[in-house]
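Q: okay, structure incoming, though there's no sequence with it:
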């Protein structure tokens, strides 16, 4: 005990030396000092998380309760999903928890508009609410066709629809530029593939319908 007391080095805990079968221990469990630092960092993050949740709870508790009118239509707007598989459970949860009547998707469901990517849209049919879709510049006509094949979907392309009491007009993006390359007409040039040209077409369609859109 006396020899141990005279030779003990507290700093050795942070600088362990392994022998025999324990030679590989540092590679398996990491440096003791790094583990201590990581734990401290984790504890700090956990403390901030708890503090933020407490602030959020206090703020929410003080907000007035929103009472929707009986004829309120709840619309969820989504866009630029870009094949992210994690968004469908989130959308489904929001639709169910907030009693959503209608989902409007303003495009870029896919990245390249290719045939294999069309399987991504199959989750639309599981939402159980109307799904209005307008094509983005990363979506091809094949993508729009796949969406139209879903039982609850409506695809707008220079057209108007009325869903859940909401009248919606939409036109697909005239460009198809998944590779970042523009088509014949640039984004602000005149021509059938330009954004202003598409806007004028949709305006003519709305005026011809004789009924304002929402």
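A: Alright, I've got the coordinates. Treat the numbers as computed from the prediction; the structure is a model and nothing was measured.
Q: now the strands for the chain?
A: Counting by DSSP state E, the chain has strands at residues 75-78, 102-105, 131-134, 153-156, 159-163, 166-170.
Q: let's have those in TSV, adding mean neighbour count, distance to residue 91 and mean pLDDT.
A: C-beta: built from backbone N, CA, C; applies to glycine. Listed next are the strands of the chain as TSV, based on neighbours: other CB atoms under 10 Å; distance: least, CB to CB, whole Å; pLDDT from 0 to 100:
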stretch	mean neighbour count	distance to residue 91	mean pLDDT
strand 75-78	15	6	97
strand 102-105	22	7	98
strand 131-134	24	10	98
strand 153-156	20	13	98
strand 159-163	16	17	97
strand 166-170	18	18	97
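Q: so which of these is nearest residue 203?
A: strand 166-170 (9.1 Å; CB to CB).
Q: run the chain-centre distance for that closest one.
A: The gap between the average C-alpha position of strand 166-170 and the chain average comes to 23 Å, counting by CA atoms, centre = their mean, to the nearest Å.
Q: ok, that strand: who's next to it in the sheet?
A: Strand 166-170 has the following sheet partners, assigned by DSSP bridges: strand 159-163 (antiparallel).
Q: measure residue 151 to residue 122 for me?
A: Distance, residue 151 to residue 122, using CB to CB, to the nearest Å: 11 Å.
Q: between the two, which one's more packed in?
A: The neighbour count for residue 151 versus residue 122, taken as other CB atoms under 10 Å, is higher for residue 122 (12 against 8).
Q: surely the more buried one and residue 150 touch.
A: Yes. With contact defined as CB atoms under 8 Å, residue 122 counts as touching residue 150 (7.5 Å).
Q: just give me the longest helix of this protein.
A: helix 32-62 (DSSP state H).
Q: give the rounded mean pLDDT of that helix.
A: Averaging pLDDT along helix 32-62 yields 81.
Q: no further queries at this time; thank you.
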